[in-house]
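Participant: here are the coordinates; sequence isn't available:
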């Protein structure tokens, strides 16, 4: 079996496994499944609409998904660039509790870098790069209330 065929077979298997886990409510699996859908392979086309759906589902419980969505809308990758949506998802990611634990101070002060990324902190750094108007801030507050009530 050629290496590329072997890889495609593995990707298809991962797609099935992560699809099942995503449907069972596992937010980490939703993120991985969305990444696979965005990537596509020789045996299946990328499906941005489904990938965005799973990222939006995952961001209800996972700051990484909100950070990914924020970056997607900020860069206009896969979707039209939308700074208001980018801000919404980046700000949403910052509202999650940091899980850096005992390493929090060292990580947030850039004293160590070889640990997991702190998604709320990374989202905050992305927000600083944006020029956000007062209207966008108010819109976030309104949209957040609607989003939270839908949970």
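Facilitator: It's in. Only a predicted model underlies this, so the values are computations on that prediction, with no experimental measurement involved.

Participant: so where is the protein shaky, pLDDT-wise?
Facilitator: Along the chain, the model assigns pLDDT under 70 to residues 1, 115.

Participant: can you give me the domain boundaries for this structure?
Facilitator: According to automatic domain parsing, the chain comprises the domains 1-58, 62-151.

Participant: would you turn those into JSON lines with mean neighbour count?
Facilitator: For glycine as for every other residue, the C-beta is placed from the backbone atoms N, C-alpha and C. Output for the domains of the chain, formatted as JSON lines (neighbours: other CB atoms under 10 Å):
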{"stretch": "domain 1-58", "mean neighbour count": "16"}
{"stretch": "domain 62-151", "mean neighbour count": "15"}
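
Participant: chain neighbours aside, what residue packs nearest to the residue most central in space within the chain?
Facilitator: Central residue of the chain (CA atoms, centre = their mean): residue 65, 2.3 Å from the mean position. Closest residue in space to residue 65, ignoring its immediate chain neighbours: residue 58 at 3.5 Å, by CB to CB, 6 or more residues apart in numbering.

Participant: I figured the one you found hits residue 25, correct?
Facilitator: No - look at residue 58 against residue 25 with CB atoms under 8 Å: they stay out of range, at 9.7 Å.

Participant: can you show me the helices along the protein?
Facilitator: Applying DSSP state H to the chain gives helices spanning 3-23, 27-39, 48-58, 63-75, 83-94, 104-108, 119-129, 134-149.

Participant: what does the longest one contact?
Facilitator: Defining contact as CB atoms under 8 Å, 6 or more residues apart in numbering, one finds that helix 3-23 is touched by 1, 29-30, 32-33, 36-37, 41-44, 54, 57.

Participant: so residue 89 touches residue 67, yeah?
Facilitator: Yes - the pair residue 89 / residue 67 is scored as a contact, 7.4 Å apart, by CB under 8 Å.

Participant: and stretch 124-143, how far out from the chain's middle?
Facilitator: The gap between where stretch 124-143 is centred and where its chain is centred comes out at 17 Å by CA atoms, centre = their mean, to the nearest Å.

Participant: which residues does residue 131 contact?
Facilitator: So residue 131 contacts residue 83 (CB under 8 Å, 6+ apart).

Participant: I misspoke; the intended subject was residue 107.
Facilitator: Listed by CB under 8 Å, 6+ apart, the contact partners of residue 107 are 100, 113, 115, 118, 121.
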